[in-house]
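Student: Below: sequence and its predicted model.
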Number of protein chains: 2
Amino acid sequence: MERDRSAPVVGLDVPAEVGMPVEEIATPALIIELDQFEKNVKTLKDFIETHGVRLRAHAKTHKSADVARYQMSQGGACGVCCQKVSEAQALVSAGINDVLVSNQVVDKRQIRHLAEMAKSARVMVCVDDADNVDDLARAAQAADVEIGCLVEIDVGAGRCGVRPGREAAVLAGRIAQARGLKFAGLQAYQGSAQHKAEFETRKALIGEAVRQVRETVDLLAAEGLGCEIVAGAGTGTFALEAQSGLYNELQCGSYVFMDADYQRILDENGEPVSMFGNSLFIVTSVMTSTLNATMINASGTIHGLFVISKAGWMKLNTRQIAANTPMNPRIWFLRFGNANTSRSTKNANGSIRAR
Amino acid sequence: MERDRSAPVVGLDVPAEVGMPVEEIATPALIIELDQFEKNVKTLKDFIETHGVRLRAHAKTHKSADVARYQMSQGGACGVCCQKVSEAQALVSAGINDVLVSNQVVDKRQIRHLAEMAKSARVMVCVDDADNVDDLARAAQAADVEIGCLVEIDVGAGRCGVRPGREAAVLAGRIAQARGLKFAGLQAYQGSAQHKAEFETRKALIGEAVRQVRETVDLLAAEGLGCEIVAGAGTGTFALEAQSGLYNELQCGSYVFMDADYQRILDENGEPVSMFGNSLFIVTSVMTSTLNATMINASGTIHGLFVISKAGWMKLNTRQIAANTPMNPRIWFLRFGNANTSRSTKNANGSIRAR
């Protein structure tokens, strides 16, 4: 009974094939509008070049090796962040050679996988516990690799991290002493500031984070521990961190596709921040018109929604319906499960260019 | 660089292997507590037998061929519902032989796939448009199959469906006349009633739906069109439909895992409905204890959440944290992407029994 899937069928296995007209996409399909996507990538590249900071793009936004490669080759990214070892492994397998797991990795098995990965890529991880340092060091020694460690400090998000200052310095010293590990700097991401609507609120929160980072960097310097990396910043606040003179590696992720929610946040003049635009959409189809013309099929909304109807393309987002917006024919499909990356949900997803 | 995935690695490709101790599950992992799952399945089986109605379990809850098979072999289900053709195709490929796509299918390509599927399973679909009837008939004739059609009537949800009564009868007549199609009855799902907290509210909404179904069934009967199937009902209201004397095929889905939200709804005595219990959980791990002991790794919450800590298992849901709840060792893992079903996100997911 098992259907042969060696030749993927449009509508069952894949939403479309390269060269197919946009109108024939099997819906619902997750698509990237390439014009806006490329513009977003270039906008942040220009920004980091102007401000003399690095970008380590956060791959949790896309989990796609193709998007990660584009960010590194065209968008100035020095590498990527991942949230989990298995995500990092999928990207490293696909050729991404510089990955930070921007979380604590405490499971012994996952630590072994992390060390194994360091044989074929630069691998870093965040640390906020002394025992974890010892576990990481043992695994690195066993695999004969070096794992870079960022001491994570809690700069207000209340999630992970030791306290800034003395606690961080003690942990940094332990890492510096550990064979197989390299003290690479600080992880100081203020996650709870990113989506605050008012500019002054974000400015105050990042200002406080910067103060704590400075205290820690100074203390470390006094003990002879230099911070190659001072990392943090998301799409909501990165300009503030970049101007701090302390943060040198931004971790923006959402900017490539741009959250609808980030368009709710305001700049210092009270205007919506307009640096990036939405580039990720779901294409879907009207499946009934018995009650109203905008009835759609059952799919979630990511950033926005395209509805195909006889009247033409309609673009919907959470706020408005603008009928007859012509659809950009330059699109990508995010594919979940291609021949190379299909064996696990945690893998990075390939993507195909439709035209 | 591409990693060999022919031998799945625990922690990267799969969360665990059969026979592995529960404590060694690579987290986060989606698990089914088998005791509660089996109890839920048996509870609804007993109910439908007592009330003399059929169950066509809704597979949108799990999208798993293994769960669907269990519902049919052990839970009294006559078949399953799906929301999309590709979901139905995945289940039919895995041996499920009776599927209703409980939606309109209007895309020409998907209609062809639907007809193709009818070569190896009983296939039904909902209809609320005359042109769609013609399209379905043409595809059925071309594939030399029969497609069962339920006329969907809008009984208050305001989603899909023609008006009860005359409109439904006209459409049913068109189906009955169409070669390749079979008029199989009515789809009359009152989706907006399912999660209403007050019993009296649900009772009034379903009462009105039943009135509209009766009007339509009577009109159809007067025109010589019998309804083999009168379908509808979800986990929130099914007892009301079952007692109507009209509905004969329930479409409950959530009952197998049980939504946390459904535990918010009250019975006629104002008590929480307690017929089913949560059986789907995410197992995750504490990855930092710097700030508090319940810090967990980044994963969504489905129905509830288990946290592994040195102190033992803790069960969290949206309302409470109950420390030291021992974890049921009889579990399943929902696997996304095994060797047979990995080529598309839309496929049904296999699952493995850990013990």
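Tutor: Thanks, I have the structure now.
Student: And for A:Arg179, the neighbour number?
Tutor: Neighbour count of A:Arg179, defined by other C-beta atoms under 10 Å in any protein chain shown: 9. C-beta here means a position set from N, CA and C on the backbone, and glycine is covered the same way.
Student: For it, give its distance to chain B.
Tutor: 24 Å (C-beta to the nearest C-beta, to the nearest Å).
Student: quick one: that residue is in a strand?
Tutor: No. Judged by DSSP: H, G, I helix; E, B strand; the rest coil, A:Arg179 forms no part of a strand; its state is coil.
Student: what ranges do the helices span in the stretch 51-200 of chain A?
Tutor: A:65-74, A:85-93, A:108-117, A:130-143, A:166-177, A:199-222 (DSSP state H, counting those that start in this stretch).
Student: got a list of contacts for stretch A:193-213?
Tutor: Here stretch A:193-213 makes contact (C-beta atoms under 8 Å, 6 or more residues apart in numbering or on different chains) with A:153, A:155-157, A:164-165, A:186, A:188, A:190, A:192, A:230, A:232, A:234-237, A:240-241, A:244, A:246-247, A:261-262, A:264-268, A:270.
Student: Can you give me the buried ones in that stretch?
Tutor: A:193-196, A:199, A:202-203, A:205-206, A:209-210, A:212-213 (16 or more other C-beta atoms under 10 Å in any protein chain shown).
Student: before we move on, what about stretch A:175-184?
Tutor: A:175, A:178, A:180-181, A:183-184.
Student: Now do the helix or strand hosting A:Lys42 against helix A:65-74: the angle between them, please.
Tutor: Using DSSP states H and E, A:Lys42 sits within helix A:34-51. Interaxial angle, helix A:34-51 versus helix A:65-74 (axes from the mean of the first three to the mean of the last three C-alpha atoms, to 10 degrees): 40 degrees.
Student: Give me the helices and strands touching helix A:34-51, please.
Tutor: Under the contact criterion of 3 or more C-beta pairs under 8 Å, 6 or more residues apart in numbering or on different chains; DSSP states H and E, helix A:34-51 touches strand A:54-58, helix A:65-74, helix A:238-242, strand A:331-334.
Student: Compare the ones you listed and report which one is nearest to A:Lys42.
Tutor: Of all the helices and strands packed on helix A:34-51, helix A:65-74 sits nearest to A:Lys42, with 7.5 Å by C-beta to C-beta.
Student: does any part of the closest one sit near chain B?
Tutor: No. Using C-beta under 8 Å from any C-beta of the partner chain, helix A:65-74 never reaches chain B; the gap is at least 10.3 Å.
Student: Give the buried residues for that helix.
Tutor: Buried residues in helix A:65-74, counted by 16+ other C-beta under 10 Å: A:65-72.
Student: Which residue is the nearest non-sequential neighbour of A:Ser285?
Tutor: Once flanking residues are discounted, A:Ser285 sits nearest to A:Thr27: 4.4 Å by C-beta to C-beta, 6 or more residues apart in numbering or on different chains.
Student: re the thing from before, kindly present the helices of the stretch 51-200 of chain A as TSV, with separate columns for mean pLDDT.
Tutor: Converted to TSV, these look like this (pLDDT from 0 to 100):
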stretch	mean pLDDT
helix A:65-74	94
helix A:85-93	93
helix A:108-117	95
helix A:130-143	97
helix A:166-177	98
helix A:199-222	98
